[in-house]
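Asker: here is a sequence with its predicted model. Questions after.
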Number of protein chains: 2
Amino acid sequence: MTLTAELRDILGHDRVLSEPLERWVYGMDSGVVRGDAQLVAFPETTAEVAAIVRCARHYRTPIVARGAGTGLAGGAIPTQPGLVVVLTKMNFVEIDEANATAWVGPGVINLDLSKQTETHGFHFAPDPSSQSACTIGGNIANNSGGPHCLAEGSTVGHVLALEMVTADGDVVMLGGPAPDPIGLDLRGVVVGSEGTLGIITKALVRLTPNPPDVRTLLTGFASVEDAAATVSGIIARGVVPAALEMMDQRMTQAVERFVSAGFPTDAAAVLLAEVVGLSAAVEAEAAIISEVARENNATTLRVAADESERARLWLGRKSAFGAVAQAAPDYYLHDTVVPRTKLVETMTRVYEIADRHGITMLNVFHAGDGNLHPLMAFDSEEEGMLDRVKAAARELVEVCVQVGGALSGEHGIGIEKRDLMKLVFTEADLDAQARIREAFDPAQAFNPDKILPAGSRCFDLGRPPLEGMWV
Amino acid sequence: MTLTAELRDILGHDRVLSEPLERWVYGMDSGVVRGDAQLVAFPETTAEVAAIVRCARHYRTPIVARGAGTGLAGGAIPTQPGLVVVLTKMNFVEIDEANATAWVGPGVINLDLSKQTETHGFHFAPDPSSQSACTIGGNIANNSGGPHCLAEGSTVGHVLALEMVTADGDVVMLGGPAPDPIGLDLRGVVVGSEGTLGIITKALVRLTPNPPDVRTLLTGFASVEDAAATVSGIIARGVVPAALEMMDQRMTQAVERFVSAGFPTDAAAVLLAEVVGLSAAVEAEAAIISEVARENNATTLRVAADESERARLWLGRKSAFGAVAQAAPDYYLHDTVVPRTKLVETMTRVYEIADRHGITMLNVFHAGDGNLHPLMAFDSEEEGMLDRVKAAARELVEVCVQVGGALSGEHGIGIEKRDLMKLVFTEADLDAQARIREAFDPAQAFNPDKILPAGSRCFDLGRPPLEGMWV
């Protein structure tokens, strides 16, 4: 028997892909790294996932689990020839209205979950820009954030329990329905572990009540400084908006060309603020935001008049990456957090780095918590460009760490940021993380080469990370 | 050399206690279980903690770390003759106002942290009833909650980074300043691990801005049903109060005798609701709460007129356990979560169990998230009483699990609830948790016999849990 034949025994012929053309797309995500998916399986049940894992282990074949592949850091890329397990067919949703929770399959699309729970008065709070395509399993693997995570927190705060298939093919339950589950709580370490500890087959997620009212404000400023001062001013006045997003001029111009969201293209920076709650509360909060914006010389100040205008503003924000893709064939998105007080300084230095390397840099980010997403747009066919992009990316991370910031994991570490871990963690820190991996997956069967740099722990087999995978 | 002599070399004579009378108090917490602290050490720095751990390991002496000992589940009790490390002298606070965070020592008292950050406009959100005595280290060990965790979540959501001394005596940093730290995030599994994975020597905690305005409402009802309907009604109207606490009649009467908080002693149930935010918002929310309470036949409805009345109401709520201690020599507090829709049914059955066993039962709890704290008050000198209390406690947990509830970890598992873990987790689930412990502390040097029941994993040394420790 071969692994392919055995998997076809388990799943049937059609749910196992082995032809190069069929499986090619499963060797990539939405970033710049490429891998080789030798074999692709589409399980529909937990039992099938467990059987696949036992089978692949028998053939000593590495396993990479994935959802929609919207990740940017290569987290779902097979770095060694192996098996890719695609979980998109596991997309059941069972809503428990009384407890405001739902059991969901890892393949449920983020936005679909909110649509399915809408008639019950709920939504799923984490809302990454890719929410119309990305899956809950991917959100869990990367502990995804989104504009509305300023007030609501990232995915980890919205997962109560996880069913996981271990490297032994066992099925375990982590966490439970209580807000504060008993025992050693493994949810937090599994959320964000990018498929390196096991394969999530089911999740109990917390649903967030849809707010009774909402106000969305668009403000424009003649300088980034004014916009940043507005962000700090709003928070200092005791308002924590549900979302507080900033876009620089290059980004608003790209978005306007792409979707005509109504952003002022002459503003140096645009802020999108949203407040939710009771009508009296959102009116009071919107008034404070307007007042702070005027004090900081806002050149545009508009409250969305109705749901359609609000939807158009958010479409603009969430189309930012699509807009850039129209403008340049490749883009490289960074993900870092700096203290809010260092936002302006960091952006100045980030532009300087990009200009020096001759790269187009655009910025769109979660201003409320200082989560910067500088985006480099380029053409990888241009000679020397990739080296310049890599050099600029490295400098950018160093600047952010210098101003007291941190690498953020909102987009995952994957293969892309793996070696940057050493900028942030000591050997002992990395060893502690590697112990967890060793405890769950000593053979590194699940998503090898990801997150932890080689040599994090003595058990490390020293397989080289895939060379030359950069595009 | 002996361990005592070596520890005195490290810490000096006065910071090591070995006389039976001196160390007696460190063999107990605030619950009903007692242990034997053979030796007690008071480190002041991370380096001292690391030296103590290496030294104790050399002598193969088990180590139990503790703070103020306000726990109720025996989590800080040495179950085997060993070393108790008291962290109360590590009580530094370094506030970072710009980032709304603070580095704190594990020995900082919860309420002191809020007092020290008050002039900067912040507080530490988790507010257990024991907050005037319990330490941040203990809050982290137990992932403590409190009345204000309904809106703000329990301790785990307020800890950004942890410095921890491992069983090898190494110092590691878990998490980081970013809201969503990179790498495998070990914070979540260490928070709530009750000192079984390492000793926390420093924590970076998130500070919560003090709200611009607050309204505290006291409502009384002629039936528990009306109070429970009010809780559901408030949440259904889109209001998530900062706190929403319920007390039954026996509890309000005990509290009134103790502190005269102004609770109506003729009400079957009292609700204490607090809303925070901008003035317009809290007024609107207070109006909705009042309306819902009136619709559900409130017999008392009062908004605290000023800060002193508000403080008195909260003093009443937080004195509940002290009040009971005045009324009976011993008490036993349970900690469970049931769906809000099952609150009334559960309370009816809980009273029935207590009556049948002839035990006084009082209830005070976090109604907003269904976190019940049934409290049994009794005299352990009374013949057969302890057996009745244990039998009633077991029935109580079974009832909560039957109605779809769960054991909560808000008060920790310790030694008390250890064997109840098997009600909730399968063998594979417990094995997954035990792997983590094995990865960090294979010799079970730290707080042996806690959280995980014997036999959770093959490496388990099969030491019997301390027999006869019940009182």
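Answerer: Done, it's in. Note that the structure is predicted; figures quoted are calculated from it, not measured. Numbering: from 1, shown residues only, chains lettered A, B, ... in the order given.
Asker: alpha carbons only for contacts and neighbour counts from here, please
Answerer: Fine.
Asker: not counting its neighbours along the chain, what's nearest A:Gln253?
Answerer: A:Thr265 (5.3 Å; CA to CA, 6 or more residues apart in numbering or on different chains).
Asker: three-state assignment of that neighbour?
Answerer: Following DSSP: H, G, I helix; E, B strand; the rest coil, we place A:Thr265 in the coil state.
Asker: so for A:Ile289, what's the nearest residue that isn't a sequence neighbour?
Answerer: A:Ile234 (5.9 Å).
Asker: now the residue of the stretch 101-250 of chain A found nearest chain B: how far from B:Ile353?
Answerer: Closest contact between the stretch 101-250 of chain A and chain B, by CA to the nearest CA, is at A:Ile182 (4.3 Å). Distance of A:Ile182 to B:Ile353, computed by CA to CA, to the nearest Å: 24 Å.
Asker: more neighbours: the two, which one.
Answerer: Neighbour count, other CA atoms under 10 Å in any protein chain shown: between A:Ile182 and B:Ile353, A:Ile182 has more, with 29 against 19.
Asker: so that one touches B:Ser408, yeah?
Answerer: Yes - A:Ile182 is within contact range of B:Ser408, at 5.6 Å (criterion: CA atoms under 8 Å).
Asker: hang on, the earlier thing: what's the local residue count around the residue nearest to A:Ile289?
Answerer: Count around A:Ile234 with other CA under 10 Å applied: 22.
Asker: show the pLDDT at it.
Answerer: We have a pLDDT of 93 for A:Ile234.
Asker: contacting residues around it?
Answerer: By CA atoms under 8 Å, 6 or more residues apart in numbering or on different chains, the contact list for A:Ile234 reads A:240, A:288-289, A:292.
Asker: does it count as helix, strand or coil?
Answerer: Criterion first, three-state DSSP; result for A:Ile234: helix.
Asker: now do stretch A:133-152: distance to the chain's middle.
Answerer: 6 Å (CA atoms, centre = their mean, to the nearest Å).
Asker: how about stretch A:50-60?
Answerer: With CA atoms, centre = their mean, you get 29 Å for stretch A:50-60.
Asker: same check on stretch A:422-433?
Answerer: 23 Å.
Asker: just the buried residues of that stretch, please?
Answerer: A:425, A:428-433 (16 or more other CA atoms under 10 Å in any protein chain shown).
Asker: which residues in the stretch 251-400 of chain A form strands?
Answerer: A:269-277, A:298-303, A:330-333, A:336-337, A:360-366, A:371-372, A:374-378 (DSSP state E, counting those that start in this stretch).
Asker: among those strands, which is nearest B:Ile52?
Answerer: Closest of the strands of the stretch 251-400 of chain A to B:Ile52 is strand A:336-337, at 36.5 Å (criterion: CA to CA).
Asker: give me the sheet partners of the closest one and which way each runs.
Answerer: In its sheet, strand A:336-337 lies beside strand A:371-372 (antiparallel), strand A:406-407 (antiparallel), with partners assigned from DSSP bridges.
Asker: out of those, which is the most enclosed?
Answerer: Across the strands paired with strand A:336-337, the average number of neighbours (mean count of other CA atoms under 10 Å in any protein chain shown) peaks for strand A:406-407, which reaches a mean of 28.
Asker: contacting residues around A:Gly67?
Answerer: Contacts of A:Gly67 (CA under 8 Å, 6+ apart): A:86-88, A:106-107, A:134-135, A:137-138.
Asker: state the pair within those that is farthest apart.
Answerer: Farthest pair in the contacts of A:Gly67 (CA to CA) is A:Val86 and A:Cys134. Separation: 12.6 Å.
Asker: quick check: next helix or strand after the helix or strand of chain A with the lowest mean pLDDT?
Answerer: The weakest-scoring helix or strand in chain A, judged by mean pLDDT, DSSP states H and E, is strand A:406-407 (a mean of 74). Moving toward the C-terminus from strand A:406-407, the first helix or strand encountered (DSSP states H and E) is helix A:421-424.
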